[in-house]
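**Student:** Sequence first, then the predicted structure:
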Amino acid sequence: MKTIITRFAPSPTGYLHLGHVRNAIEVWQYAREHDGTVLLRIEDHDRQRRKPEYEAAIREDLGWLGFDADEEVPRQSERDDVYREMLARLVEQNLVYGCTCARSEIVNSHYNVKCRDLNIGLRDDVSWRVRIEPGIEHFVDLRLGPQEQDPSQQCGDVVVRDRLGNWTYQWAATIDDLLQNVTHVIRGEDLLDSTGRQIRLARLAGRKEPAAFLHHALIMKPDGRKLSKSDGDTGIRDLRARGFSKEEVFSLALHGPSC
């Protein structure tokens, strides 16, 4: 039976919040129930927004909550050479091109391949996109059941490196999951739409068998709306300062606010 490896992968662009805690509960519970391994991966690919104080606070809050990873893997800011080397395989297949389009030109998160055949080189001042051809990706979510997605219709050609020099979440997470032998990706169902494109990118990068995916439920308010950190009262540091116990934080992360 295959050894299960999953990961908890916070981004140090803000403090730990209830959504992180819900995900951590799901990740650690699944790993412990299946005698698996939890990796801690700091996803600090966004160089403009990451801050050392956020990472330090995340680690402190995880310790307070009792989430101890089995292994820590290199943070994404240390893996530029790895991401370049893996992308070179796609460049050799003529699957990567430079793009000068601004975000404001992208309609409904779908790229219209405007720059695909303009022969724009992979310069540092442009975005780098991977060609995504039509085709259905089939997978079985461990909670939601059979799924099918066509990334070419959902998002079009995927940005893997932005014009600021940042490797994107889609590329960095996909390559890390491949090279770190992650067998199970456990995350909130708000990321379900990313799954097909990440399966596609992983295959193009050489992954023979995709990871298994489990998209857990999100924290909801009593009126059915998604709990958002912009509404306040979701930061773990704030809850700790107000005297909440670890058990009370867990209850909020699992069940949401009662009023």
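**Tutor:** Nice, I can see it. Numbers count the residues shown, from 1 in each chain.
**Student:** quick one: Val67 from Thr37, how far?
**Tutor:** Val isn't right for residue 67; it's Phe. Separation of Phe67 from Thr37 (C-beta to C-beta, to the nearest Å) stands at 14 Å. Where C-beta positions appear, they are placed from N, C-alpha and C, glycine not excepted.
**Student:** State the three-state secondary structure for Asn181.
**Tutor:** Secondary structure state of Asn181, per DSSP: H, G, I helix; E, B strand; the rest coil, is coil.
**Student:** That one - nearest residue in space that isn't next to it in sequence?
**Tutor:** Counting by C-beta to C-beta, 6 or more residues apart in numbering, Ile5 is the residue found nearest to Asn181 once chain neighbours are left out, at 5.5 Å.
**Student:** Dihedrals phi and psi, the one you found?
**Tutor:** Geometry field for Ile5 lists phi and psi as phi -130, psi 120, criterion degrees, to the nearest 10.
**Student:** Count the neighbours of it for me.
**Tutor:** Burial of Ile5, expressed as a neighbour count using other C-beta atoms under 10 Å, amounts to 19.
**Student:** Asp162 now?
**Tutor:** Other residues within reach of Asp162, judged by other C-beta under 10 Å, total 17.
**Student:** list the contacts for Pro146?
**Tutor:** For Pro146, the contacting residues are 138-140, taking C-beta atoms under 8 Å, 6 or more residues apart in numbering as the criterion.
**Student:** separation between it and Leu90?
**Tutor:** Pro146 sits 28 Å away from Leu90 when distances are taken as C-beta to C-beta.
**Student:** ok so, going back, wait, which of the contacts of Pro146 is closest to Glu53?
**Tutor:** Phe139 (37.6 Å; C-beta to C-beta).
**Student:** What is the one helix or strand the closest one maps to packed up against?
**Tutor:** If you go by DSSP states H and E, Phe139 is part of strand 137-141. In terms of contacts (3 or more C-beta pairs under 8 Å, 6 or more residues apart in numbering; DSSP states H and E), strand 137-141 is packed against strand 145-149, helix 195-204, strand 212-216.
**Student:** Please consider this matter closed, and thank you.
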